[in-house]
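>>> this one's structure only:
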Ligand code: NAX
């Protein structure tokens, strides 16, 4: 029997957790022949709800699910983790200043980063979903310097998926035909969905769409504000699509990328494309046959794109300054 992969999910009793755990347990994260142990972290008041989720996991009788550990103890949650999906966080509430938001999340992500450094497996990889995910990832990584910087990711894949669908619908084709769609910067309303370097059925998106005003206007704002539109319509934030994007991210990071394509994920910048070093920044990534990732080269950045990328860079720099001031990094 193959040794099970240990997958930690934080915020496991939340909306996204409920959409995520069953898909992981069914083999959609790591494939149909990899057994998995789920290590589920929640805060004490949510442990009862988590017990209910664990009962449902039991009731699915998933053949690949080799165990479930439900806990509010960081050490137990991250013990031996090969993948850590950090979903639980405190999202911005009405009237909350950015500093308050970063401070309250610092209280979550700093100790989680430490626990990962001290207790996770030596090959641990971390995907931060909980918002503000880029800066939460920076906080966790900063408190775990023992874990190499290339193992930390924040989720911009939902934005990629949203952008691909908008383009496919506009052109009237299938979403599978949309390739090389990079999301630059922060997972926030300043992100830049890069249409100019993307292709649809092998044709450059600006040519296939034939409407630059739409691409530079409604397309970008629709993707940037999609999260808010879903809250407005559903009365709750994206959950199934967010869980789906978390799975897509892990699958993309563990599968070689086709040469004509890229994966949108926020990674630790090493200065690629002039992005300040050390920021957790949405970039186009490729995974090679040996399973290592690198930032894809050759994206053309025109003046319009450069301005947009600068805007989201400035926002992430301001968030980094704020968390530095708070002593969180
Ligand atoms: P919920 O509020 O439904 O669930 C969050 C769960 O986290 C709760 O059960 C809570 O008890 C738990 N939690 C809080 N503090 C914790 C801690 N210290 N340790 C462990 N668990 C803790 O939120 P949900 O809809 O599941 O969203 C989770 C996060 O994902 C939010 O921050 C949300 O903003 C973010 N999102 C990120 C997206 C992305 O693309 N990166 C998209 C979707 C989503 O908005």
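Right, received. Where do you want to start? Owing to the predicted nature of the structure, the values given are computational and were not obtained by experimental measurement.
>>> hmm, the helix or strand where residue 112 lies touching the ligand?
Using DSSP states H and E, residue 112 sits in helix 98-119. Yes. Shown here: helix 98-119 in contact with the ligand (Cβ under 6 Å from any ligand atom) through residue 108. In short, each C-beta sits where N, CA and C put it, glycine included.
>>> tell me which residues of that helix are tucked away?
101-103, 105-106, 108-110, 112-117, 119 (16 or more other Cβ atoms under 10 Å).
>>> and those residues, which is closest to residue 237?
residue 101 (15.0 Å; Cβ to Cβ).
>>> what's the closest non-adjacent residue to the closest one?
Nearest residue to residue 101 in three dimensions, chain neighbours excluded: residue 92, at 4.9 Å (Cβ to Cβ, 6 or more residues apart in numbering).
>>> contacting residues around the one you found?
Contacts for residue 92 (Cβ atoms under 8 Å, 6 or more residues apart in numbering) come out as 101, 131-132.
>>> let's go with 10 Å and repeat that
98, 100-102, 104-105, 131-132 (Cβ atoms under 10 Å, 6 or more residues apart in numbering).
>>> let's verify it: helix, strand, or coil?
Following DSSP: H, G, I helix; E, B strand; the rest coil, the label given to residue 92 is coil.
>>> identify the residue of this protein closest to the ligand, quick one.
When scored by Cβ to the nearest ligand atom, the chain has residue 14 as its residue closest to the ligand, at 2.0 Å.
>>> look up the pLDDT of that residue for me, please.
At residue 14 the predicted local confidence, pLDDT, stands at 98.
>>> what's the answer for residue 154, then?
98.
>>> can I assume it is in contact with residue 187?
Yes. Taking contacts as Cβ atoms under 10 Å, residue 154 lies within contact range of residue 187: 6.5 Å.
>>> okay, and the common contacts of those two?
Common neighbours of residue 154 and residue 187 (Cβ under 10 Å, 6+ apart) are 128-129, 131-135, 137, 266, 280, 282.
>>> for the residue of the chain closest to the ligand, grab the count of nearby residues.
Residue 14 is flanked by 21 other residues according to other Cβ atoms under 10 Å.
>>> tell me if I'm right that it and residue 90 touch.
No. Using Cβ under 10 Å, residue 14 is not in contact with residue 90; the gap is 11.2 Å.
>>> common neighbours of those two, please.
By Cβ under 10 Å, 6+ apart, the residues touching both residue 14 and residue 90 are residue 130.
>>> residue 178 pairs with what?
Beta-bridge pairing for residue 178 (DSSP bridges): residue 200.
>>> what residues are up against it?
Neighbour list for residue 178: 160-161, 163-168, 171, 195, 198-201, 205, 208, 261 [criterion: Cβ under 10 Å, 6+ apart].
>>> ok, now with 6 Å
Residues near residue 178 by Cβ atoms under 6 Å, 6 or more residues apart in numbering: 164, 167-168, 200.
>>> before we move on, the earlier item: ok, so of the buried residues of helix 98-119, who is nearest residue 288?
Distances from residue 288 to those, taken by Cβ to Cβ, are shortest for residue 116, at 25.1 Å.
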